[in-house]
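In: I would like the atomic coordinates for the input below:
(2 chains)
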Amino acid sequence: GAGVSQTPSNKVTEKGKYVELRCDPISGHTALYWYRQSLGQGPEFLIYFQGTGAADDSGLPNDRFFAVRPEGSVSTLKIQRTERGDSAMYLCASSTQGGYNEQFFGPGTRLTVL
Amino acid sequence: AQKITQTQPGMFVQEKEAVTLDCTYDTSDPSYGLFWYKQPSSGEMIFLIYQGSYDQQNATEGRYSLNFQKARKSANLVISASQLGDSAMYFCAMRERREAGTALIFGKGTTLSVSS
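Out: Predicted structure coming up:
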């Protein structure tokens, strides 16, 4: 079956702009995660959805970051007033139930803020 | 405090040789899981192997095996018979229980280069 997909694969924007990054998880996976990976680092947890609700958003760096998953499937990560420090690879992962099994990652969106 | 430590920034190995990538972890939770992921230059994280804290035997998946030493809190990845396609970044991760669900905590990774 299809894996996790993310769009766009690359996004270049200017400082101060608003961006949306989309994640389409594996069908039937109720758990969805967003991670951010800076150059030379491992991914860092941002937010976790179980179904439609954000069960844990403690990893979001500040209130410019927000994510939704209105129908319990596709999720959108939204970043307002982008800053150069937001430049990173944004990875989405999905898993069955509460994520006790392995998480399957998408190809990521590389965000560059000029 | 760093929860996953990968001390080898880079490793070099020749084709067909075995290589061990080190990982140590820190947790007070008696129930945890350890994962290894491969990240090629394309960027996608590929799941390789999983070890649960209560598993009695070391996990194996094809050419990958996990050398789990619970008392030492280490979970090293062993790749046997390296191939050129194994060249990539490798991340060790630990499943951390949170208030509602779980999340993965990753190490900084090790770059593996396989030469012919």
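
In: just give the nearest non-adjacent residue to the residue nearest the centre of chain A, would you?
Out: Nearest residue to the geometric centre of chain A (Cα atoms, centre = their mean): residue A:34, 3.3 Å. Spatial nearest neighbour of residue A:34, excluding adjacent residues (Cβ to Cβ, 6 or more residues apart in numbering or on different chains): residue A:46 at 4.3 Å. C-beta coordinates here come from the backbone N, C-alpha and C atoms, glycine included.

In: residue A:64 now?
Out: residue A:80 (4.7 Å).

In: that neighbour touches residue A:86, doesn't it?
Out: No: look at residue A:80 against residue A:86 with Cβ atoms under 8 Å: they stay out of range, at 10.1 Å.

In: comparing the two, which shows the higher neighbour count?
Out: Comparing residue A:80 with residue A:86 by other Cβ atoms under 10 Å in any protein chain shown, the one with more neighbours is residue A:86, at 21 against 13.

In: surely that one and residue A:114 touch.
Out: No: the pair residue A:86 / residue A:114 is not scored as a contact, 11.2 Å apart, by Cβ under 8 Å.

In: which residues in chain A form helices?
Out: Counting by DSSP state H, chain A has no helices to list.

In: any idea how far the residue of chain A found nearest chain B is from residue B:50?
Out: Taking Cβ to the nearest Cβ, chain B has its nearest neighbour within chain A at residue A:42, 3.1 Å off. For residue A:42, the distance to residue B:50 equals 17 Å [Cβ to Cβ, to the nearest Å].
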